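>>> Turn this into a structure:
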Amino acid sequence: MESSEELIELLNEIDECSYIEAKKGSKIDRSIMETICAFSNEPRLGGGYLLLGVERDESKFDPFYFVTGIANSDKLQLDLSTQCASLFNISVRPEIKIEQAANGKNCLIAFIPELPEGQKPLFFKNQGLPSGAFRRIGSSDQRCTEDDLYVFYNQNDSLDSSIVKDTSLADIDEHALTLYRKFRENINPLAEELTYDDYELLKSLGCIKTKNELPSLTYTGLLVFGKKQALRRLLPMVRVDYIRVPGKEWVADPENRFTNIDMRGSLMELVQRAFNIVSDDLPKGFLLPDNSLQAQSVGLPAKVLREALVNAFIHRSYREHQPIQIIRYSNRIEIKNPGFSLKHEDELGEPGSKSRNPLISAIFHETNLAETKGTGIRTMRKLMDRAKMVPPTFESNHAANQFTIRLLLHHFLNEEDIDWLKTFHQFELNDAQKRALIFIRETGAIDNPTYRQLNGCDSLSASSELRNMRYDAILMQKGKGRATYYIPDSAFYFPHGKHNTLPYFLSAPVNRLSAPPYSLSAPVNRLSAPPYSLSAPVNQLSAPPYFLSAPTHLHNAAPTFPEKIDKVELLSKMPKKLQQKIAQLGKRASKKEIMEEVILLLCAWKPQKISELSALLERTDKYLLREFIGPMRRGGGINYTIPEMPNHPHQAYEIPKKKSKNHL
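Numbering: from 1, shown residues only. Sure, this is the predicted structure:
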């Protein structure tokens, strides 16, 4: 069992994490018990440490935790052990000890071991499953959902094996069956199931079950082989939305928002159609290396796109009434599917697979539409690395029940890019830090999870390397704790401290394909992942990214911050009716429904940053986020404008497109 000194030292290095939680601990409340439940349940965590009587000093720039002390250590230990023994479906026996810090104050340390597989999930008796169970996701305790039960149980009754009411064999699309036979024959012409008739084939694949002596389709049968009419009637939200967004930001231009293509049909056909539409829309180019008669294709490998799409189809949660979204920005593709990953993020790319839809997965693997189980993500990473492209990044959001794959589109580095990286030579940056610089130059910001995804490192290394670049004034830190992110600082623009002229990448467009790719092994210390493109066109960059249009502050000068929001100016630009609504709020507390209505109207008028909402509504950022913005976003009333990075410096909130017309 670790000492309090060691745990606090670790907290000051990486802040609260998956296995350490610090609380004031004046009493044993519900939040403490939820943390204990989460530590006990989380697979492969190995348990976690709970520190009571330890707080963070919010006035400090870096994480700074210290012992504030506990009042009655005997009573606190008794309450903790008693509630651990009585509140849950089985008793939890934490290891508890009291330690005295250097300042003479006591703190309580409790180690909560992870439960054996056969005893999970732990849950509050008065709530039951799944809502009474919790998981440890990052540094937060998340309430379990139905999908979480598949993490704990090896259930045979998965959703895709369940019967869909009001279905029959008439809902099967014969063309989809023919397509399956064709794909299967290409893999194994002697496969036994190819000799079956249609009914026997569907039965063997788990696509039909008999109820009241009549065959009905399971979710697998309807999803994989169902007719469009049956899918629209019974599963209207099972579709794929291909959204083409101009620029790099979600709704960067309110007048030119996006184009959208809705795709429906059986999964056997849908995966091919989605691949063809997205692939045809991607920028393509070719390079003719010196002394070679063969051109090289420059662009996203087709197999990577296919694997990303198939991953969304077979691993999505069909309990959620949401479509799969393929969002095409000028410099990246994002594929969002409902349903967090059942596999831990640290194990993505490792052999082995966990699927919430085992029957659907088996069909995709048998037809070679998907890689061998558990190797799809590893294959994508290898192919992107071989193509000298930035590795794909993955985000599993348990709270939003969503999984996102980002495929970053870029071209090869040219000589000017390498020269730019050379200007940071005096800082002695490693390859991971250089890769982060390229990423920031493209997106404007980076956070710890993204840094880890790009470089395959742990949280401690990522924090240390980002902090070192902050000390060198290359990056500027924004936010605190779990909301920390980094944006360019003065040395990012002027590494040598000179600012008589703009850096080359701010002053002129770059012809990305004017020369064959350069090797990074010699000049840049084997940087393995070059940046992705700064714009949609293949042959040239028409303008620098919005955040690089001019330096925000100069070397050795104090950083500049956004000007104070002028409420009067904001009001003058909005419709009269909306001005009247805001005026009626007043400074005193209003009914929650009225405040929510005004927030919805503001976000429908145009995307709103939290600073703008705070100025207009005359409430603090924290109050609005806690009482309104957070609950409204989780409930689907408002969305992030930059959902791929919640802590982005330009983050704002908007109304979902289907609701916007009703509020305007």
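
>>> Local confidence estimate at the most centrally placed residue in the chain?
The residue lying closest to the centre of the chain (C-alpha atoms, centre = their mean) is E395, at 3.0 Å. Note on E395: pLDDT of 82.

>>> tell me the SS of it?
Under DSSP: H, G, I helix; E, B strand; the rest coil, the three-state class of E395 is strand.

>>> residues touching it, list them.
403-404, 406, 449, 453, 644 (C-beta atoms under 8 Å, 6 or more residues apart in numbering). (Glycine included, C-beta is placed from N, CA and C.)

>>> Mind picking the lowest-pLDDT entry from the residues you listed?
Ranking those by pLDDT, E644 lands last with 63.

>>> I487 falls within a helix, correct?
No. Assessed with three-state DSSP, I487 is strand; it does not lie in a helix.

>>> isn't it right next to G479, touching?
No. In this structure I487 lies outside contact range of G479 using C-beta atoms under 8 Å: 10.3 Å.

>>> okay, those two: which has more neighbours?
Neighbour tally, I487 and G479, criterion other C-beta atoms under 10 Å: the higher count belongs to I487, 20 against 12.

>>> The more buried one and D447, how far apart?
As defined by C-beta to C-beta, to the nearest Å, I487 lies at a distance of 10 Å from D447.

>>> Quick one: buried ones out of the contacts of E395?
Buried members of the contacts of E395, counted by 16 or more other C-beta atoms under 10 Å: 403-404, 406, 449, 453, 644.

>>> So which of those are in helices?
449, 453 (DSSP state H).

>>> With distance to F492 as extra columns, can I get the buried ones among the contacts of E395 in CSV?
Listed next are the buried ones among the contacts of E395 as CSV, based on distance: C-beta to C-beta, whole Å:
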residue, distance to F492
F403, 32
T404, 27
R406, 22
P449, 21
Q453, 21
E644, 21
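
>>> what's the closest of the buried ones among the contacts of E395 to D241?
T404 (14.2 Å; C-beta to C-beta).

>>> Hmm, the closest one is touching I333, no?
No. Here T404 does not reach I333: they are 10.7 Å apart, not a contact under C-beta under 8 Å.

>>> OK, contacts around L177?
Taking C-beta under 8 Å, 6+ apart, one finds 198, 201-202, 225 in contact with L177.

>>> Can you tell me the SS state at it?
helix.

>>> tell me the SS of F134?
Per three-state DSSP, F134 ends up strand.

>>> what are the bridge partners for it, then?
Per DSSP bridges, the residues bridged to F134 are R143.

>>> Contacts only, for it.
So F134 contacts 34-35, 37-38, 41, 141-144 (C-beta under 8 Å, 6+ apart).

>>> what does S204 give?
The contact partners of S204, taken as C-beta under 8 Å, 6+ apart, are 193, 196.

>>> And it, how far from A22?
Distance from S204 to A22, by C-beta to C-beta: 54 Å.

>>> Can you give the domain ranges for the chain?
Domains of the chain are assigned by automatic domain parsing as 4-152, 156-409, 415-548, 567-663.

>>> What are the neighbouring residues in contact with E146?
Contacts of E146 by C-beta under 8 Å, 6+ apart are 130, 319.

>>> can you rerun that using 6 Å?
P130 (C-beta atoms under 6 Å, 6 or more residues apart in numbering).

>>> pLDDT at it, what is it?
82.

>>> where's it relative to Y153, distance?
Taken as C-beta to C-beta, the span from E146 to Y153 is 11 Å.

>>> Could you do L466 as well?
L466 is 39 Å from Y153, by C-beta to C-beta.
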